[in-house]
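Undergrad: okay, sequence plus prediction incoming.
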Amino acid sequence: MPKLPPILPVALWLASAPFAGADAGVDFFEKKVRPVLVERCYECHSAEHKIKGGLRLDSKEGWLKGGDSGPAAHPGAPEKSLLVEAVHYANRDMQMPPKQRLPKEEIAVLEEWVRMGAPDPRAEAPMVKKQTGMSLEAGRKFWSYAPVQKPAPPKVAQTEWPRSELDRFTLAAMEHAGVVPAPDAPLPVLARRLYYNLVGLPPSPEQLDAFLKDAAQDRKAAVTSLVNALLASPHFGEAWGRHWLDITRFAESSGGGRTLLFKDAWRFRDYVLESLNADVPLKQLIREHLAGDLLPSNSAAERRRQLASTAFLSLGPTNYEEQDKQQLRFDVIDEQIEAVGRAFLGQTLGCARCHDHKFDPVSQRDYYALAGIFASTRTLFNYTDNVARWIVQPLPAEGPQEELLRQHEGQMAKLRAQIETAKSALAEKAKASSVETTTAGTPLDPSQLAGIVLDDSDAKVVGFWKPSTYVRNFIGQGYVTDDNKGKGEKTLTFSPTFPATGRYEVRLAYAHSPNRAKNVRINILHADGEDSVFVDQTETPLVEGHFVSLGKFRFEKDGAGYVLISNEGTTGYVAVDALQFLPENAQKAPGKEAPGTPKTAKRDDSPQAAARKELAALEAQLKKLSADGPARTQTMAVYDDPQVGDTQIRVRGIERQRGEKVPRGFLQVALVGGQPALPPEQSGRMELAEWVTSDHNPLTARVLVNRVWTWLYGSGLVRTVDNFGTTGEAPTHPELLDHLASRFVAEGWSLKKLVRAIVLSRTWQQAAQAPTAQDPDNRLLSHANRRRLSAEQIRDSLLLGAGRLDLQVGGPNIEGAGDVDANNFSAQNIEYNYVYKDVRRSFYTPAFRNKRLELFEIFDFGNINQPIGQRTSSTVAPQALFFLNSPFVAEQAEAASALTLATEGDAQARLHAACLRLLGRPPSAKETTLFQRFLQTAPTPEQGWRQIHQALFASLDFRYLD
Amino acid sequence: MNPLLFSRRRALQTLGCGFGSLAMAGLASGENSPAPLLKHTARAKRIIFLFMQGGVSHVDSFDHKPKLAAEDGRLLDFADLRSLAKTGKSPQQRVMKPLWDFSQHGESGLWGSSLFPEMCAHLDDLCVIRSMHTEGIAHGPATLFMHTGTTTFVRPSMGAWINYGLGSENQNMPGFVTISPSLGNGGPRNYGNAFLPAVFQGTPIGRAGIAAKDASIGNLRPARTQDEARRQFDLLRELNAEQLRQKPGESELDAVLQSYELAWRMQDSAPSVLGMDGESPETLALYGIGRAPTDNFGRQCLLARRLCESGVRFVQVNYGDNTNNPAWDQHSNLKKHGDHAAAVDRPVAGLLADLKQRGLLEDTIVWWGGEFGRTPYAEKNGTGRDHNPAGFSIWVAGGGFKKGVAYGETDEYGHHAVANKVHMHDLHATLLHALGLDHEALTFRHAGRDYRLTDVYGRVVHDLFA
């Protein structure tokens, strides 16, 4: 829309009407203003209908007080009145009425009304109730915000049943309800359950056999020693790291709009893996996630851990492409608050971005107190790139290696400085001799140049561009200039046809001369976005005396790439001769020299020849040094912004609508002994981390033990695992929850101790049963829940059954990611074109947000954009199709069958071995009969065995864990 | 299985062994079903969305602005959204005339350009909305917004909401299908279920970059012979039945067995829907199948009709690719719009004609459009147009919408919607309404609050209905 008109002059009929007294004002209001308000505004701004944005226009009080953005009108001052601004559609964020602009006459009426002092006889209409959350006072008494207690285990009647204090809590509840606990799980079932729960894999027949032999001697000792062995296994960190990655919404690409590759994210995964294997207190994990960069460290190794840990704050599904970068900055902050709140505090803090929480005792002030902390933290590299980037931090190395790295980096810096010096010297020389060298010379035939060459005549022309041949060493038939006229009106657009997708160096030839413009803007639209480059056309082009390089960009075959040269904002002549697009890694085509070199190699005898040679030598040296030298590893990370400070409330969550400034702080309802002072020179993340992981924080320990319980048992003591607010469910066993939480804190936030305590309980070791009508959700914990294996467990078990699973622990696993620059947008093609074919554990399967492994999608692990507190477990037809028809399953069945056939023995022995390996139990008599019969009718024995193995993979007992 | 043993949450997760519905499945008694159905009878039963990825230029197609030709080349002040978002300022921009000629069509006399001659022949059946506006200036955010109602957050796609609200009409087919979706600009989030149960997610058929004739549902066809597949299935059926006998009363296990039965039936029924069997040469010609450049999109459109006939509620047909500057994204060389138009014009017109002749247009909504429009001025004074979310055109047809009308207006240059504005939220609300769903009541409780497609926005545009 063309620029908005100035505030309209008041219509003539108004000017002629005298409005002296108050009565006249009221009269004007009643006749002219009220009808407009009633007809146009009440629908959204009155007690009778809605009160959008908190604004009421149905009483004087209403607009005086105003809505979220403040008073709607300042009597006598229309230029300061939001109402007037809004109806003029002058502010693109507030155009009222939103559907359609008012007729000019009505706008004039409202404006005049405000100018005359906004006479308004209307009294306050009855207020409608506003939904607000629980008060702070009530909130502090709510079960989840109240301090954790240390309840004494209750008395029970069946004193011989409990094996631990934990069991007394569950048994008491069962006895109270008159429910009998299930019998202990059979030993083979228990073994399979323990293996899957602790290391994510089934036991091998040998492991199962050894355990059963031990248990025949002493069940309790055998179980304990198996649990200890599994907790000590390096695969514990993979199975439990997976849970942790779920709640920290780990991914290896940003997903969403324009997905970008998080090439260094695996370091975070390894950090989690190693931390859990070493039983690093969860308290410390969370502290390092939130503030690792601010913690003191004693060694390079510790520093590396701490930095890698802060990737937690960068791993969100950020929309780096958002054009309003301040909005983007706030979206990132919002995601961080939501992730921290959900994962560790069980809170839905996102609700308070726009208004006070409607249910929980969390105010909008609380939200912006937290936002201030993250706003003082740097997560984005800058706020100017078309597509933003995250921050990558270099990692320190150990003693001698660090020494080596520093030396290398010093050399590189020195060389770079030398190159800069050489470049400016060359430019100086060139300037001095520019007139001579440029008016001389001979035209060059474009067909002698490598790559795609577009002459000025190939461009789409806007405005008059004057042809010229004055500067002689042009390409083709001459060049064009804007004649130093019509600034801002002329453009040339080059749209080459790219023969293949790839990176191209873009070069411009411009027939340089001292009268040229120094700031010619060139826009390059490439496959990964748009860039602007400025060229000083008074300088001698450094490349072959013709070209200046505009950079390397990726273009797609038949894509929409272009180069646009404009004379906007320039002083001096803008000249354009030709454009050259050189494919990177171009094969030397027969008959063509190295890119850019004319076929008939011209001897460079200009005065700059020596300097040019020296520059080339230095550049070659740098390239070699960079390729041969040691590379410093890096990680995704955050750091404190140099500008630390409190932030303002954003009215209705809109970045540009600023409200009151709120001091940085934490959730009022869950403070532990008051809000600590935050240092003015730091973001406050350290203090935030201290508060979240405080032994006295009522939420964190409860949330964590409930998560662990859920991961082991299939459902939580608090069923809404991510929501400990008032809309979540209350715990089924509040005392047990507090018993576990207080014990967890007392034992130093040790995950392994907590897991051991739960799996050694009799409650956990009960047999699995179907739900009963009395207790369909098994809220009394009177039996184990039968559970489907997770997507990763299914994949790992298929590969293991086929004897193909690669058990290598740790390290990166995205093929091709090692060579790419993390911030190079072409890296995203790794995701789009990815072929999943590795056979490592699913913990390492590339976690792309926009292109998931099919098996993961089918088995409820498709969406990794948000923290996952609890996997869903759907049963859908695509899963059945997967087991029946997917080539992946067929391959594993074939390999598993080959393994079975390689064992000695008759069909019966082989069936026994196959069932033990794939189902963790021998075949039943009926199954044996079924398989034997099937084998007899099979067209070939190979086909028969293969299909038996596929049937075992596809069967209930493979997929479900008792 | 004793149905009483089903808790609601479990039911949501397991009943979907088919492609189940929710609101219609007799389960509508728990926390997540606040009776989203309107009292009135729905005018439409299904939607076909023809997604023109990248943003078609409305001022070159359905929004006739004579001023652009009259003032071609003039530098004027426009409130350019991208510049404003990035810098807070907007430099002057050069007016660019349409590259295609406009004329009036049919009895309605609606304006349309020679960019889409075949669609224009159907203007008397279309309801053109010329006052669309939306959120998101770049493709990713705007595409996500169009599909999920938010530029940033992870929310269910519109098709998933509709699937959740209405379910599939055919228990052997999914309720929400997307044909040849792109991996880029939102990728799977554009047809994802987010926090809704997985059964409501979109089922992709093929993907951008794969020829439509090779597109299928994953793992639909047995890798081996029919005989071998039959033996495999029979063995598995017996094995599972035996294993189930050992664990009586577990409804979820029973659901797994049912899922295998359904999969087996789908293997039979789905390929016949996905194929082109039984289509006459006239029908194939109607869609432009069998000749360049319409063959590919023609197949997609015909498949959409066949899916609708088989009971699918929401079929999205994607004209796009996997790049960051997708098909219609003519920042330069606007003429290229002509190539894309040549690929889609005939198939879209063919689909309209075919639906009409079969009486399907009565209760099928066809929605044609992109994630935003394009600017009436040349981008950076070049030869193309930049994105324009402030004002653009889409059209809807069938399913109770008015015919041969244009609704709403942009300003005299076609830049910002100014009269009878229809926000993308409003379009969502209106489409749900046409299906008999109340956009304010179709909610799902997640993370402590009720979510809906239109967030706290959206207004049904009743004027659009006949």
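TA: Done, it's in.
Undergrad: quick check: which ranges of chain A have low pLDDT?
TA: A:1-22, A:124-132, A:430-442, A:544, A:585-608, A:819-826 (pLDDT under 70).
Undergrad: what's the biggest helix by length in it packed up against?
TA: In chain A, assigned by DSSP state H, the helix with the most residues is helix A:399-432. Applying 3 or more C-beta pairs under 8 Å, 6 or more residues apart in numbering or on different chains; DSSP states H and E, we find helix A:399-432 packed against helix A:609-628. Heads up, the C-betas are built off the backbone N, CA and C, glycines and all.
Undergrad: touching the helix or strand that comes right after the helix it packs on from outside, list them.
TA: Using DSSP states H and E, the helix or strand that follows helix A:609-628 in sequence is strand A:634-636. For strand A:634-636, contacts defined as C-beta atoms under 8 Å, 6 or more residues apart in numbering or on different chains pick out A:262, A:264-265, A:267-268, A:304, A:307-308, A:311, A:314-315, A:390-395, A:822.
Undergrad: just the buried residues of the residues you listed.
TA: Among the contacts of strand A:634-636, those classed as buried by 16 or more other C-beta atoms under 10 Å in any protein chain shown are A:262, A:264-265, A:267-268, A:304, A:307-308, A:311, A:314-315, A:390-393, A:395, A:822.
Undergrad: could you report the neighbour count for residue 206?
TA: I went with chain A, as the question did not name one. For residue A:206, the count of nearby residues is 9 (other C-beta atoms under 10 Å in any protein chain shown).
Undergrad: oops, I was thinking of chain B
TA: Residue B:206 is flanked by 23 other residues according to other C-beta under 10 Å.
Undergrad: near chain B, which residues of the stretch 501-650 of chain A?
TA: The stretch 501-650 of chain A comes close to chain B at residues A:523, A:525, A:527-530, A:556, A:559-560, A:562, A:564, A:566, A:568, as judged by C-beta under 8 Å from any C-beta of the partner chain.
Undergrad: count the residues that sit near residue A:51.
TA: 19.
Undergrad: please verify my assumption that it contacts residue A:45.
TA: Yes - judged on C-beta atoms under 8 Å, residue A:51 makes contact with residue A:45 at a distance of 6.5 Å.
Undergrad: what residues are shared contacts of those two?
TA: In contact with both residue A:51 and residue A:45: residue A:67, using C-beta under 8 Å, 6+ apart.
Undergrad: any idea how far chain B is from residue A:451?
TA: For residue A:451, the distance to chain B equals 20 Å [C-beta to the nearest C-beta, to the nearest Å].
Undergrad: that older thread, among the residues of the stretch 501-650 of chain A next to chain B, name the buried ones.
TA: Among these, the ones that count as buried (16+ other C-beta under 10 Å) are A:523, A:525, A:527-530, A:556, A:559-560, A:562, A:564, A:566, A:568.
Undergrad: so which of those residues comes closest to residue A:447?
TA: Distance to residue A:447, by C-beta to C-beta, is smallest for residue A:562 among these, at 22.4 Å.
Undergrad: one step back: what angle separates the longest helix of chain A from helix A:609-628?
TA: Using axes from the mean of the first three to the mean of the last three C-alpha atoms, to 10 degrees, the inter-axis angle of helix A:399-432 relative to helix A:609-628 is 160 degrees.
Undergrad: could I get the buried residue list for helix A:399-432?
TA: Within helix A:399-432, the residues that count as buried by 16+ other C-beta under 10 Å are A:405, A:408, A:415, A:418-419, A:422, A:426-427, A:429-430.
Undergrad: show me what residue of the stretch 501-650 of chain A gets nearest to chain B.
TA: Using C-beta to the nearest C-beta, the closest approach of the stretch 501-650 of chain A to chain B is made by residue A:562 at 3.9 Å.
Undergrad: which ones are touching that residue?
TA: Counting by C-beta under 8 Å, 6+ apart, residue A:562 touches A:493-495, A:524-525, B:331-333, B:382-384.
Undergrad: so who does the residue lying closest to it once chain neighbours are set aside touch?
TA: Distances taken as C-beta to C-beta, 6 or more residues apart in numbering or on different chains place residue B:332 nearest to residue A:562, at 3.9 Å, with adjacent residues excluded. Taking C-beta under 8 Å, 6+ apart as the criterion, residue B:332 is in contact with A:460, A:493, A:495, A:525, A:560, A:562, A:564, B:379, B:382-384.
Undergrad: helices - which of those land there?
TA: Among the contacts of residue B:332, no member lies in helices (by DSSP H).
Undergrad: just the ones of those residues in strands?
TA: If you go by DSSP state E, those have A:460, A:493, A:525, A:562, A:564 in strands.
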